[in-house]
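S.K.: Fold the following for me, if possible:
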Amino acid sequence: MRTFLVIGFVLALSACQPPGPTYAKDIKPILDGRCVNCHVAGGVAPFALDSYENAKTYAVQVADAVEKGRMPPWKAGPSDVTYLRNPSLSDEQKATISAWAKSTDQGDVKKPGAALPEIGGGVTRVDRSLKMPAAYTPSKTPDDYRCFVLTWPETTRKFITGVNALPGVPEQAHHIALYLIPADAAMYPVMWDAEDATPGYECFGGPFGNRPQQFAVNLLTAWIPGYSGTMFPRGGGIEVEPGAMIVMQMHYNVQNARGPQLDQTEMQFTLEDTVQRRLAYQPMLDVAWVGQQMEIPAANPAVVHQLVSDPRSFFQLLGSPLDNTNGFNIEAVMFHMHKLGRRGELILEKADRTRLKVIDIPAWDFHWQNEYQLSEPVRFEPGDKLRVRCTFDNSAANAITTNWGENSDQEMCVANILSSVN
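M.R.: A predicted model of the protein is given here:
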């Protein structure tokens, strides 16, 4: 009798325990909302998470990645602003995934959990598509940086308000950067393309490759895996005049069993004739750095280069299309360093001596260069200053002293500020 009582007590106690998380109710909504944009068959991620079987197979890896903050990829640290499209998981969601990885219970597929709130993304419509003029197969492994010239066909002034990419081979598209080349400099990338026997021309860091910089670099936007397209915030757009060219820099990363595949990536654009806010990327950097005054000595694990200034005159020197006389709005920030970068920061120092941390990337990863759109713009007023600060680690065993440059063994420190004016 005592044995039956003990068994009954255990069963009753078990019945009182709250059920553990299941795939159908708890895990699938998280994976669908934050992971399968990359982790899908034919996607850029190394494995798919779009079914129970796949999720169960990789449950331990998924739990480890979310516990350590590697996934979903979001490199921005705590700051004094908030950002749009932040895919980060809550502590509760991370704990749910970790608990489920120990049981991998499928649950009742007829009772799915509620979908996660949308974090935005996508373009409202496609008004113009431009494809690489000729298909190209990456010739370097694992990384091949290649620029392709896209002829802008519009005959009247347009504003680009949204951008999306359709990589021909998603799993080998690491990221894409678009550069706007003004009409009076459009002959340069065409010439560089003609000098190379294969489609496009080799480049790294920017549209010049190893050539001297002949014109101002105007970033149009960038695409990273997992983005289904990006609309510029708050009804803004970047002006493109007739005769301009677009240089599309493809960073191919070939690490699959199939090897390099023939690619012909296509870019999609949303266009408007007028916009509520005229936007431009204005690069915050020290011109002395470009003049080889940004030395990064070998064997040094913490080299810091920073600039504190009112950047408005520099923006105008570079040919900014915005009139920054009365200040400007910071709408988004896209940091750029190379492979030695470890931390990137942009801080607004107000005239009243208050400080506002706009972006802090405490663990810079060259392979995850996101654009961070602010939930609300931050105002730069006359009398304010911006501080851009980059930290580099050049302590590897085979390290060499390096400096500013386009090549992979050189470095950069740039805060590309998506700006508007009132």
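
S.K.: What strand or helix carries residue 392?
M.R.: strand 385-394 (DSSP states H and E).

S.K.: Tell me the strands beside that strand, with direction?
M.R.: strand 300-309 (antiparallel), strand 341-349 (antiparallel) (DSSP bridges).

S.K.: so which of the ones you listed gets nearest residue 158?
M.R.: strand 341-349 (29.6 Å; CB to CB). Using the backbone N, CA and C atoms, a C-beta is placed for each residue, glycine as well.

S.K.: Show me what counts as buried in the closest one.
M.R.: Neighbour-count burial for strand 341-349, counted by 16 or more other CB atoms under 10 Å, picks out 341, 342, 343, 344, 345, 346, 347, 348.

S.K.: list the contacts for the second one?
M.R.: Residue 342 makes contacts with 302, 363, 364, 391, 392, 393, as judged by CB atoms under 8 Å, 6 or more residues apart in numbering.

S.K.: Reformat these as TSV; add neighbour count, pLDDT and distance to residue 214.
M.R.: As requested, the contacts of residue 342 are arranged in TSV below (neighbours: other CB atoms under 10 Å; pLDDT from 0 to 100; distance: CB to CB, whole Å):
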residue	neighbour count	pLDDT	distance to residue 214
302	11	97	34
363	11	95	35
364	22	95	29
391	20	98	30
392	25	98	27
393	17	98	32
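
S.K.: part of a strand, is residue 377?
M.R.: Yes - remark: residue 377 belongs to a strand, assigned using DSSP: H, G, I helix; E, B strand; the rest coil.

S.K.: give the contact list for it.
M.R.: 233, 234, 329, 330, 331, 420.

S.K.: quick one: the first one from residue 368, how far?
M.R.: Applying CB to CB, to the nearest Å, the value for residue 233 to residue 368 is 21 Å.

S.K.: now swap in the third one and tell me
M.R.: Counting by CB to CB, the gap between residue 329 and residue 368 amounts to 26 Å.

S.K.: Counting neighbours, go ahead and name the busier of these two.
M.R.: Shown here are residue 329 and residue 368; by other CB atoms under 10 Å, residue 329 has more neighbours (21 against 17).

S.K.: That one falls within a helix, correct?
M.R.: No - looking at residue 329 with three-state DSSP, it is strand, so not inside a helix.

S.K.: Pairing partners for it in the sheet, please.
M.R.: Residues in beta-bridge contact with residue 329 (DSSP bridges): residue 379, residue 420.

S.K.: Going forward, count from 33.
M.R.: Let's use 33 as the start, then, which means that last one is residue 361.

S.K.: my read: it touches residue 449, true?
M.R.: No - Residue 361 lies out of contact with residue 449 (CB atoms under 8 Å); the separation is 9.6 Å.

S.K.: any chance you could map the helices in the stretch 83-232 of the chain?
M.R.: 84-89, 91-99, 123-133, 219-227 (DSSP state H, counting those that start in this stretch).

S.K.: closest one to residue 419 among the ones you listed?
M.R.: helix 123-133 (31.3 Å).

S.K.: Remind me what the closest one packs against, helices and strands.
M.R.: Applying 3 or more CB pairs under 8 Å, 6 or more residues apart in numbering; DSSP states H and E, one finds that helix 123-133 makes contact with helix 60-66, helix 91-99.

S.K.: quick revisit: between all of the contacts of residue 409, which two are at the greatest distance?
M.R.: 266 and 362 (12.1 Å).

S.K.: Of these two, give the one with the bigger neighbour count.
M.R.: residue 362 (24 against 16).

S.K.: How about the more buried one, nearest residue that isn't a chain neighbour?
M.R.: residue 410 (4.4 Å; CB to CB, 6 or more residues apart in numbering).

S.K.: likewise residue 150?
M.R.: Closest to residue 150 by CB to CB, 6+ apart is residue 65, at 7.9 Å.

S.K.: Which residue lies nearest the spatial centre of this structure?
M.R.: Among the residues of the chain, the one closest to the centroid is residue 402, at 2.1 Å (CA atoms, centre = their mean).

S.K.: and it, how far is that from residue 249?
M.R.: 19 Å.

S.K.: next one: stretch 116-136 to chain centre, how far?
M.R.: Counting by CA atoms, centre = their mean, to the nearest Å, stretch 116-136 is centred 22 Å from the centre of its parent chain.

S.K.: Could you list the buried residues of it?
M.R.: Applying 16+ other CB under 10 Å to stretch 116-136 flags 116-117, 119-121, 125-126, 128-130, 132-133, 136 as buried.

S.K.: Nice, that's everything, thank you.
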